[in-house]
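model the following, please.
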Amino acid sequence: MIANLKKRLADIIWGQDPFYGQAFDHAMIALILAVTILMSVETLPDFPVQWTRRLVIFDWIVIVVFTAEYGIRLWTASNRLRYGLSLWGLIDFIAIAPFWTGFILGIPGTEALWSLRLLRIAKLVRFVSGMQTLRRAYELVWRELLMVFMFALLVMYCTAIGIYFFEHESQPTAFPSIPHSFWFAVTTLTTVGYGDTYPVTTGGKLFTFVILMIGLGIVALPAGLIASAFTQARQEEKLRQANLKAEREAARRASAEATALSSDIDG
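Predicted coordinates for the structure are as follows:
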């Protein structure tokens with residue numbers, strides 16, 4: 001009976017059950033969204049005082065739910081150490097550990113709760129199915145993104161050197177050194193252009209124009225890489241879902257045929 005209960009809970013909490021697994025994920029998403037919104041609403045200056053106690057009770061309910069979820073995941077995990085040291089395992093643990101530590105040590109509950117509320121948003125990522133596709137997209141493209149980042153740093157350094165030599169004599173306070181010119185390089189390459197430092201010489205303006213054109217390409221390149229990788233990851237996910245559906249249908253048919261054959265033999 002315990003083994004069956006463990007398997008049943010594992011199917012639900014790890015999303016293997018097609019109905020109750022999705023229902024659990026949706027319930028957790030609703031809970032986290034509700035508590036995240038309330039965390040912001042209760043900071044309003046005119047927030048009713050009588051609702052504060054109710055929110056504390058609601059926080060207790062959330063902590064109990066998160067603690068039960070973490071305990072069940074730890075109990076049903078195929079490799080408990082691997083889950084406990086994984087990113088999601090650490091987030092699940094840290095989201096409840098500060099509260100229980102503060103509660104045991106005598107820290108007021110409302111103070112301890114503030115130390116973990118932000119992590120509830122991180123927990124929300126677990127239950128968004130699209131995040132798995134996004135993670136797969138990152139795995140496909142992280143090398144290219146690293147190359148773009150290194151290239152951006154190189155261009156940024158060259159921009160700081162160039163604008164320093166063009167503008168140092170005309171604006172010694174705005175561009176006193178190459179390190180000080182890095183802020184101009186950042187705002188120019190990212191096409192933000194706050195306007196606090198800008199070129200006044202003809203050479204500096206022409207140089208800035210060239211850097212702006214390069215910056216447009218640097219900003220657009222990662223977006224194109226991520227979009228392409230996300231499309232590929234989405235196609236892989238659709239293929240995986242189709243294969244999983246076909247396997248379930250084949251298993252259902254095999255079970256139905258076995259049941260029919262057993263009935264014929266018994267008859």
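
list of residues touching stretch 65-74?
For stretch 65-74, the external contacting residues (CB atoms under 8 Å, 6 or more residues apart in numbering) are 9, 13-14, 28, 31, 80, 83-84, 89, 92-93, 95-96, 100, 123. For the C-beta atoms, the positions are set from N, CA and C on the backbone; glycine is no exception.

do the same with stretch 211-226
Under CB under 8 Å, 6+ apart, the answer for stretch 211-226 is 137, 141, 144-145, 148, 151-152, 155, 159, 162, 185, 188-191.

which of these lies closest to Glu237?
Ala137 (10.0 Å; CB to CB).

okay, that closest one: pLDDT?
Ala137 carries a pLDDT value of 81.

same question, Glu236
Listed pLDDT for Glu236 reads 84.

before we move on, what about the one 4 residues further on?
The confidence metric pLDDT takes the value 79 at Arg240.

ok, which pair from the contacts of stretch 65-74 is furthest apart?
Leu31 and Arg80 (24.6 Å).

re the thing from before, report the buried members of the contacts of stretch 211-226.
Neighbour counting with 16 or more other CB atoms under 10 Å marks 137, 141, 144, 148, 152, 155, 159, 162, 185, 188-189 as buried within the contacts of stretch 211-226.

which two among these are spaced furthest apart?
The widest separation within these (CB to CB) is 35.0 Å, between Ala137 and Gly162.

among the contacts of stretch 211-226, which one has the lowest pLDDT?
Thr191 (78).

residues contacting that residue?
212, 215-216, 219.

quick one, grab the pLDDT at Glu69.
91.

from Leu55, how far off is it?
21 Å (CB to CB, to the nearest Å).

tell me the spacing between Ser177 and Arg143.
Ser177 is 34 Å from Arg143, by CB to CB.

ugh, typo on my part, it should be Asp92
Using CB to CB, Asp92 is found at 30 Å from Arg143.

can you show me the strands along this protein?
When secondary structure is read from DSSP state E, the chain shows no strands.
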